[in-house]
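Colleague: build me a model:
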Amino acid sequence: MERQPDFNECMAICNFDYLPEGLEAKYNRYHPDDKSHLIPRDFLSELFEQYQIPEHTRQWIIRGIEEIETHTVLFHFTKFLVEDMCSARNRCDETHYTNMTPECMNQHGDLYSFLLLLACVVPSMEMLQKRSVPKAYYEQIPHQPLKLQLEQMVQQGDAKVHDFPWAMNFYTCSIFLLDRFYFIPYRFGDPFTMFRHVNTQEVIALRHAGEEFRSDGQRNGINDVYDPHGCFTSAWLENGESIRANRINPMGFVERETTSILKKEWEPALQEGDMLLALHIPSGPGYTPERLKNSMSMAIEFYDKYFPELPIKGFWSASWLYDTRLSLILDNEKSNIVCVQRQFYNYPTLEGDGMLRYEVFGDRNIDPVRIPGGFTTSLQKAAAAYMQTGARFNTLSMIVLKEDIERIGSMPYITDADMEQFHKTVDSHLREVSG
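Modeller: Numbering: from 1, shown residues only. As a prediction, this is how the structure comes out:
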């Protein structure tokens with residue numbers, strides 16, 4: 001290509017049905033390479049052999065790749081997309097990549113999203129090799145979604161990529177399984193600040209001003225449940241010496257009464273824009289505080305060694321498993337769910353109980369109250385019984401600061417007073433209505 005087409009030319013010629021916003025400025029900074037292949041053929045051959053891909057599926061994939069490579073502008077722009085995607089996660093770039101099809105691909109457009117992801121594997125691995133990351137950390141990562149994708153293509157002739165953003169974490173080798181949990185860089189952006197006491201090392205999280213909460217300390221309107229009479233709005237009053245704001249109780253709710261701290265005694269520990277590691281939970285055994293502690297320790301060591309430019313402050317995650325209401329229906333001494341969530345600084349989000357309905361009952365839209373019975377597990381029965389009282393579950397998020405990893409197993413953030421306050425506060429909005 002003698003002249004690099006400008007962004008608008010690429011858009012007009014390729015005619016994508018979707019592209020993320022904000023690509024033009026990146027494209028203008030892009031320096032194209034002279035590679036003649038989108039996907040190295042030796043890598044492709046190894047893949048075909050590894051999964052024993054039948055000849056007709058091999059030819060289908062190869063024809064799709066060749067259609068991209070022989071279209072000068074599409075090939076050029078696709079290489080730009082690959083370069084941006086390969087480093088996006090470590091930059092905490094929030095560009096929303098998902099399925100996309102260029103209309104200029106009139107024969108194999110249905111393959112484009114898969115081939116775009118597949119094209120990320122080799123350059124992503126090369127980037128890790130340059131960082132001297134041992135191959136054992138990443139060589140199997142892309143195969144998590146790749147195995148299922150190829151099976152789907154062979155058995156059903158369907159190339160559609162399911163959950164492109166999640167799959168992209170694996171095809172770009174950006175997510176790492178360290179002992180029991182997956183980790184990937186994440187930019188903290190929730191409206192609160194955490195502080196650590198300079199002497200006692202106690203941690204406190206103060207919610208920023210202007211958010212409306214129900215009397216139970218959850219966001220007003222979550223699960224479409226409002227608390228018009230008991231709701232309150234978070235406040236933040238600050239001067240040169242002190243801050244007064246609503247504390248987030250680490251049991252996962254915002255307290256109505258404000259808390260005051262002296263700036264000379266408390267230092268900021270986590271603020272908006274800081275970098276964390278997002279923790280993701282694969283299914284299977286070993287969901288325990290011990291494995292959590294080990295995984296987090298390994299993650300900090302790994303990123304310190306191979307990504308020293310990333311100033312990791314700790315960990316973030318969001319899950320139905322962190323809903324402290326589960327402690328009302330599970331054995332607090334024996335339940336791993338409860339034991340693990342007690343190691344976190346939990347806080348409320350705007351996500352309701354859709355995740356729990358899906359993970360526990362198998363259907364995000366199921367109503368256990370209207371369809372009682374038929375539940376087989378103890379968790380299903382207990383959760384359904386709780387919801388039949390009019391109560392609802394929530395998806396909570398959590399934080400663990402890296403300085404507190406060693407204290408995992410002994411509840412670094414939650415105190416007996418916090419749990420007592422939780423029991424007084426939980427579902428209080430329902431008591432006000434019924435009362």
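Colleague: where do the strands sit along the stretch 51-200 of the chain?
Modeller: Per DSSP state E, counting those that start in this stretch, the stretch 51-200 of the chain carries strands over the ranges 176-178, 181-187, 192-197.
Colleague: would you format those strands as a markdown table with mean neighbour count, mean pLDDT and distance to residue 417 included?
Modeller: From N, CA and C alone the C-beta is placed, and that goes for glycine too. Below are the strands of the stretch 51-200 of the chain laid out as a markdown table (neighbours: other CB atoms under 10 Å; pLDDT from 0 to 100; distance: least, CB to CB, whole Å):
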| stretch | mean neighbour count | mean pLDDT | distance to residue 417 |
| --- | --- | --- | --- |
| strand 176-178 | 19 | 98 | 34 |
| strand 181-187 | 20 | 98 | 29 |
| strand 192-197 | 20 | 98 | 16 |
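Colleague: can I get those in JSON lines with distance to residue 286?
Modeller: Shown next, in JSON lines, are the strands of the stretch 51-200 of the chain (distance: least, CB to CB, whole Å):
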{"stretch": "strand 176-178", "distance to residue 286": "12"}
{"stretch": "strand 181-187", "distance to residue 286": "9"}
{"stretch": "strand 192-197", "distance to residue 286": "28"}
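Colleague: for the ones you listed, which one sits closest to residue 103?
Modeller: Closest to residue 103 of the strands of the stretch 51-200 of the chain is strand 181-187 (CB to CB; 32.4 Å).
Colleague: nearest to residue 112, of the strands of the stretch 51-200 of the chain?
Modeller: With CB to CB as the measure, strand 181-187 is the member of the strands of the stretch 51-200 of the chain nearest residue 112 (24.6 Å).
Colleague: for the closest one, give me every contacting residue.
Modeller: Around strand 181-187, the neighbours that count as contacts under CB atoms under 8 Å, 6 or more residues apart in numbering are 89-90, 92, 94, 169, 174-176, 273-282, 291-292, 295-296, 299, 302-303, 307, 310, 312, 315-316.
Colleague: which among those end up buried?
Modeller: Neighbour-count burial (16 or more other CB atoms under 10 Å) applied to the contacts of strand 181-187 gives 89-90, 92, 169, 174-176, 274-280, 291-292, 295-296, 299, 302-303, 312, 315-316.
Colleague: next step: those restricted to strands.
Modeller: The strands, defined by DSSP state E, take in 176, 275-280, 312, 315-316 from the buried ones among the contacts of strand 181-187.
Colleague: for these, which one is nearest residue 430?
Modeller: Distances from residue 430 to those, taken by CB to CB, are shortest for residue 316, at 29.5 Å.
Colleague: where does the stretch 301-435 of the chain have low pLDDT?
Modeller: 432-435 (pLDDT under 70).
Colleague: please repeat the previous calculation with a cut-off of 90.
Modeller: Within the stretch 301-435 of the chain, the stretches with pLDDT under 90 are 365-375, 429-435.
Colleague: which residue ranges of it form helices?
Modeller: Here the stretch 301-435 of the chain has its helices, by DSSP state H, counting those that start in this stretch, at 336-341, 354-361, 378-387, 416-425, 428-434.
Colleague: of the ones you listed, which is nearest residue 78?
Modeller: Nearest to residue 78, of the helices of the stretch 301-435 of the chain and by CB to CB, is helix 354-361 at 34.1 Å.
Colleague: so the residue nearest to the spatial centre of the chain versus residue 324, what's the distance?
Modeller: Central residue of the chain (CA atoms, centre = their mean): residue 278, 5.8 Å from the mean position. For residue 278, the distance to residue 324 (CB to CB, to the nearest Å) stands at 20 Å.
Colleague: how far off centre is stretch 410-421?
Modeller: Offset of stretch 410-421 from its chain centre (CA atoms, centre = their mean, to the nearest Å): 26 Å.
Colleague: list the buried residues of it.
Modeller: Neighbour counts over stretch 410-421 (16+ other CB under 10 Å) mark 411-414, 418-419, 421 as buried.
Colleague: max pairwise distance over these: which two?
Modeller: The largest separation in the buried residues of stretch 410-421, counting by CB to CB, is between 412 and 421 at 17.6 Å.
Colleague: I'd like the buried residues of stretch 410-421 as a markdown table, with distance to residue 22 appended.
Modeller: Shown next, in a markdown table, are these (distance: CB to CB, whole Å):
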| residue | distance to residue 22 |
| --- | --- |
| 411 | 42 |
| 412 | 38 |
| 413 | 36 |
| 414 | 40 |
| 418 | 41 |
| 419 | 44 |
| 421 | 43 |
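Colleague: and of those residues, the nearest to residue 381?
Modeller: Residue 381 lies nearest to residue 419 out of these, by CB to CB, at 24.3 Å.
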